[in-house]
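> I would like the atomic coordinates for the input below:
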Amino acid sequence: MPLSDPLGQQYRYFYGPVLQGWDGADSAPCCGTNVIFSRACLTAIGGFIYGSVTEDFLTSMYLHNAGFKTKYVHEYLARGLSPESLHDFMKQRLRWAGGAVEIFFYHNSLWRQGLTLKQKYLYFWAGLQALLGFPLFLVCIIPFIALADHRVAVAPVDAGMYLYFMGAFMTFTVWMLFVSYRDVPKLYLMRSVQESVFMLFCKVDAVFKVLRHGKMVFAVTNKDIQQSQMRKEFGHIIPHMLYYILSALCFARVAYNATLPTFTREKLLGQAVSLIWISVVLWQLYPPIGMVFGEYFNSLKKPAKRAAAMADDGSDPRLVPVTPKLPSSP
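Okay, here's the model as predicted:
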């Protein structure tokens, strides 16, 4: 993957402070690869536990429920592949989110008698993550509603006072994030904050799929970008692009209203709060958009580069075997 890791797929925060925290609570879960199980422990619980497409995570909970111990080793001992296209990335994350929803609905940790209080909380919180997409979606669209209807306000108090207290809150929040990410490259702090929003639609989709069908269907994630069609890529960013379009309309409307004589300073401050929140969400939604358009423009450049490399006779010199020059006879 690129050094910029546009979608944050290395998960340096998760494979670091998060799992170290779980390990400190005697709750380190299995997350798919590079894990060693004791055959005796698996046999004791009847093998891998099915009932979720993330059966590895579910099996971890059943092992803890049976009183077995797990351990997270914070060392780089193996390497793996990650999805190279947005389509495969979203398909993988949809499966992860769907598995978490299945565990939350059908294997809720709160009703497991063998788990400690810490384990109950951590497994419950892991399953709840996908459901939090619904209130987060409301938070993202409220600024639009506030700009369209003056009776709705993002800042229910004086806008200046709101900005003052919100500034203090955001300063404290950012400080706490820097503390928790102190041993992680700050790139992944930024990626985590962005992912919390750009994965919103995927999580909501996972909840509806589980509620509609009762389960998720497992499919191996493709690691080859050439097998993914660009049409599918663009399909995943339709909600993100719609948000960008609505945002552009809101900015244009506020700019137009600012030219009217009836537009007061108080109205400007109130609408500025909405525009600030919209701007933050736009930044958080950008990574998948940037990835898809980057792939698209790169695909347009490849034919031109190949044509420029063609030999005079029309052949591609990159495909012509090179015959070594033999030494001349004495």
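> quick one, helices of the protein?
In chain order, the chain shows helices spanning 19-24, 39-44, 55-65, 86-106, 117-128, 133-148, 159-180, 186-198, 200-213, 230-236, 238-257, 265-308, with DSSP state H as the criterion.
> now tabulate those helices in a markdown table and tack on distance to Leu7.
Quick note: C-beta positions are derived from backbone N, CA and C, even for glycine. Formatted as a markdown table, the entries for those read as follows, by distance: least, Cβ to Cβ, whole Å:
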| stretch | distance to Leu7 |
| --- | --- |
| helix 19-24 | 20 |
| helix 39-44 | 33 |
| helix 55-65 | 21 |
| helix 86-106 | 6 |
| helix 117-128 | 20 |
| helix 133-148 | 17 |
| helix 159-180 | 19 |
| helix 186-198 | 7 |
| helix 200-213 | 12 |
| helix 230-236 | 11 |
| helix 238-257 | 13 |
| helix 265-308 | 6 |
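> redo the ones you listed as a markdown table? Include mean pLDDT and distance to Leu77.
Converted to a markdown table, those look like this (pLDDT from 0 to 100; distance: least, Cβ to Cβ, whole Å):
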| stretch | mean pLDDT | distance to Leu77 |
| --- | --- | --- |
| helix 19-24 | 93 | 14 |
| helix 39-44 | 94 | 20 |
| helix 55-65 | 94 | 17 |
| helix 86-106 | 92 | 22 |
| helix 117-128 | 94 | 24 |
| helix 133-148 | 91 | 33 |
| helix 159-180 | 84 | 24 |
| helix 186-198 | 91 | 20 |
| helix 200-213 | 91 | 30 |
| helix 230-236 | 85 | 33 |
| helix 238-257 | 94 | 36 |
| helix 265-308 | 81 | 28 |
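> those: which one's closest to Val73?
Closest approach to Val73 among those is made by helix 19-24 (8.9 Å; Cβ to Cβ).
> contacts for the closest one?
Residues lying outside helix 19-24 but in contact with it, judged by Cβ atoms under 8 Å, 6 or more residues apart in numbering, are Ala28, Pro29, Cys31, Thr70, Lys71, Tyr72, His74, Leu122.
> report the buried residues of that helix.
If you call a residue buried by 16 or more other Cβ atoms under 10 Å, then helix 19-24 has these buried ones: Leu19, Trp22, Asp23.
> which of the contacts of helix 19-24 scores worst on pLDDT?
Within those, pLDDT reaches its minimum at Cys31, with 82.
> re the thing from before, between the helices of the chain, which gets nearest to Gln10?
Across the helices of the chain, closest to Gln10 is helix 186-198 (Cβ to Cβ), at 7.1 Å.
> picking up where we left off before, can I get the buried residues of helix 19-24 in TSV including distance to Gln284?
Rendered in TSV, the data for the buried residues of helix 19-24 read as follows (distance: Cβ to Cβ, whole Å):
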residue	distance to Gln284
Leu19	24
Trp22	26
Asp23	29
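> show me what contacts the residue most central in space within the chain?
By Cα atoms, centre = their mean, the chain has its centre lying nearest to Glu195, at 3.8 Å. With contact set as Cβ under 8 Å, 6+ apart, Glu195 has these partners: Leu7, Gly8, Pro287.
> let's go with 6 Å and repeat that
Residues touching Glu195, when contacts are defined by Cβ atoms under 6 Å, 6 or more residues apart in numbering, comprise Gly8.
> next one: Asp205
Asp205 makes contact with no residue under the criterion Cβ under 6 Å, 6+ apart.
> that one and Pro239, how far apart?
With distances taken as Cβ to Cβ, to the nearest Å, Asp205 is found 10 Å from Pro239.
> what's the neighbour count on Tyr123?
Using other Cβ atoms under 10 Å, Tyr123 has 28 other residues around it.
> before we move on, what about Tyr243?
Other residues near Tyr243 come to 22 when the count uses other Cβ under 10 Å.
> what's the closest non-adjacent residue to it?
Setting aside the residues directly before and after it, Tyr243 is nearest to Leu285 in space (Cβ to Cβ, 6 or more residues apart in numbering), at 5.9 Å.
> ok so, going back, now list the buried members of the contacts of helix 19-24.
If you count burial by 16+ other Cβ under 10 Å, the buried members of those come out as Ala28, Pro29, Cys31, Thr70, Tyr72, Leu122.
> turn the residues you listed into a markdown table, including distance to Leu211.
Output for the buried ones among the contacts of helix 19-24, formatted as a markdown table (distance: Cβ to Cβ, whole Å):
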| residue | distance to Leu211 |
| --- | --- |
| Ala28 | 30 |
| Pro29 | 24 |
| Cys31 | 25 |
| Thr70 | 31 |
| Tyr72 | 32 |
| Leu122 | 24 |
